[in-house]
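In: dropping the sequence and predicted coords here.
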Amino acid sequence: MNATAPHRTTRAIRIERLGPPEVLVERDIPLPDPGPDDVQLRVRAAGVNFADLLMRTGLYSTVPPRPFSAGFEVAGEVVQVGAGVSSWRAGDRAAALLRYGGQARDVIVPATQLFRYPDALSPVQAAAIPVVYLTAWVALFEAARVRAGETALILGAAGGVGTAATQLAVRHGLRVIGTAGHPRKREFVVRELGAAACFDSRSDWEPEVRRFAGARSIDVALDAVGGRASAACQRLLAPLGRHVFYGLSDAMPGAGRNWIRAGLAWLRTPSVRPLSLIERNTGIFGIHLLHLLGREEILRSALVEIYRLVAAGELKPVIDRTFPLTQGGAVEAHHYLHARKNTGKVVLEVAETTEEQPAWSAR
C-alpha cells in the first residue's frame, strides 16, 4: 500500500461570522499543492485595507462563502512552484495581489499575480504598496487621465490610498487639495506630501475648497467616501471635470455594521444621470481594483514603475503601524482602522520577520 502524503496546513486569520473585529479567528486550514500555473508564497507581511473591514461586517460584495480569509496583498518568499511556472523559483522574493485569502502564513496564487519588488524594500514595505498605489495610479492615470497643471481634490488624503494618490498627483504636476479628519493629519498632507491645502473632512469643507480652488475649480475628485461628500465633489467639478469613485466609507463610520447608516450613505450618494453629465460637461468613473485582475498587464506595468520610483526615493510609502499576523494583531488592526487613527498604511507582519524601518513613517 502506498503511503499517504502528509496533510499540509497553514495558519490563517478567518472570517467565520459577521460582526465586530473580535469575530476574527485564527485557524489551521488545508494548504493544497500549487497547480501547474501556481506558486506557493510564504507570507512575511500582509496589507490591511478598509475593504477588509467591510468584508468582516458584510458590507462588501466581492467575497467568497464563509469561512474565508481577507487580505488582498502580501509579500514574502516563493516556497514551491507549479510544473508550468518557469519565471519563479524557490527562494525568490515576491509580492502578490489576491482577491482574498492573503492574511495567512502561506498562500497559493497564480504566477500571473506575482510581482518582483526591489531588494532595498522589506516585506512590510513591499506589502504596503500594491493596493493603495495601484488604486491611486488607476484612478489618476487610467480613469481620470490627469494632466500637469490640473487641480485634484483627494478625499481622505491622509489614508492609505490618499497618501499614495497625493504623492503621485504632486509628482505629476497637479495642484492637490485634500481632506482629513485630524489637524495632525492635515499638517502631514501639506507639509510632508506637498498638497496645496487640506481641509477638515468632519466639517462642511465644500465652501473652503471652492474658495481655495478659485474660478478654475476642481478638475478631478478622488472619492472613497460617498454620501454627501460625493454630492459635494460633483458640485465642485469644473467643465470636463472627472469624479472617480472607489469606495463608500461613509456607510461604516464605526466598528460595527449599521444598516440604517449604510442605507443613508447609499441614498445620499448621487445617482448617475447621463443627461446631467452632458449638461455640466462632467464625467464619473468607478473603479474596483480586484476586478482588473483580468488586465494584469496594466497592473503589472504600473507596479513595476511604482516599485522603481519607491526604490529611487521618488515615492515614499507611508506606513503608520504594523501589527502581528495573529488573531490578536488582526483585531487590533481592525479597531485601529475603524477609529481612523492611521496616517497611511497598516500592515500585518509575521513575527519571525526582522523588523526594519519603513520607507516613510508618519509616527
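Out: Arrived safely.

In: I'd say Val74 and Gly101 touch.
Out: No. Counting by C-beta atoms under 8 Å, Gly101 is not a contact partner of Val74; they are 9.0 Å apart. Using the backbone N, CA and C atoms, a C-beta is placed for each residue, glycine as well.

In: what do those two both touch?
Out: Residues touching both Val74 and Gly101 (C-beta atoms under 8 Å, 6 or more residues apart in numbering): Val107.

In: between those two, who's got more neighbours?
Out: Per other C-beta atoms under 10 Å, whichever of Val74 and Gly101 has more neighbours is Val74, with 32 against 20.

In: which residues sit against the one helix or strand that one maps to?
Out: Secondary structure assignment for Val74, by DSSP states H and E: strand 73-81. Contact partners of strand 73-81, identified using C-beta under 8 Å, 6+ apart, comprise 33-34, 38-47, 49, 88-98, 102, 106-107, 111, 114, 117, 123-124, 126-127, 129-131.

In: mark which of those are buried, thanks.
Out: Using 16 or more other C-beta atoms under 10 Å as the burial test, the contacts of strand 73-81 include 34, 38-47, 49, 88, 92-98, 102, 106-107, 111, 114, 117, 123-124, 126-127, 129-131 as buried.

In: among these, name the ones in helices.
Out: The members of the buried ones among the contacts of strand 73-81 that map onto helices under DSSP state H are Pro123, Val124, Ala126, Ala127, Pro130, Val131.

In: Ala213 - that's part of a helix, no?
Out: Yes. When DSSP: H, G, I helix; E, B strand; the rest coil is applied, Ala213 is found to be in a helix.

In: burial of the closest residue to Gly159 other than its chain neighbours, as a residue count?
Out: The spatially closest residue to Gly159, leaving aside those adjacent along the chain, is Asn342, at 6.9 Å (C-beta to C-beta, 6 or more residues apart in numbering). In terms of burial, Asn342 registers 23 neighbours under the definition other C-beta under 10 Å.

In: and Glu142, by the same measure?
Out: Using other C-beta under 10 Å, the number of residues around Glu142 comes to 16.

In: residue contacts, it?
Out: Counting by C-beta under 8 Å, 6+ apart, Glu142 touches Ile287, Ile298.

In: how about Arg66?
Out: Counted by C-beta under 8 Å, 6+ apart, Arg66 has contacts Ile15, Glu16, Arg17.

In: re earlier: which neighbours does the strand holding Val74 have in its sheet, and in what orientation?
Out: Within its sheet, strand 73-81 is paired with strand 38-48 (antiparallel), strand 93-97 (antiparallel), according to DSSP bridges.

In: pLDDT weak spots in the stretch 1-150 of the chain?
Out: When the per-residue scores of the stretch 1-150 of the chain are filtered using pLDDT under 70, the ranges that remain are 1-6.

In: list the buried ones in stretch 54-74?
Out: For stretch 54-74, the neighbour count (16+ other C-beta under 10 Å) marks 54-60, 63, 68-74 as buried.

In: residues contacting the helix or strand that Ile278 is a member of, please?
Out: When elements are defined using DSSP H and E, Ile278 is found to belong to helix 274-280. Counting by C-beta under 8 Å, 6+ apart, helix 274-280 makes contact with Leu237, Pro239, Gly283, Ile284, all of which sit outside it.

In: name the nearest residue to Ala111, ignoring sequence neighbours.
Out: With sequence-adjacent residues excluded and distances taken as C-beta to C-beta, 6+ apart, Ala111 is closest to Val85, at 4.7 Å.

In: many thanks, we can stop here.
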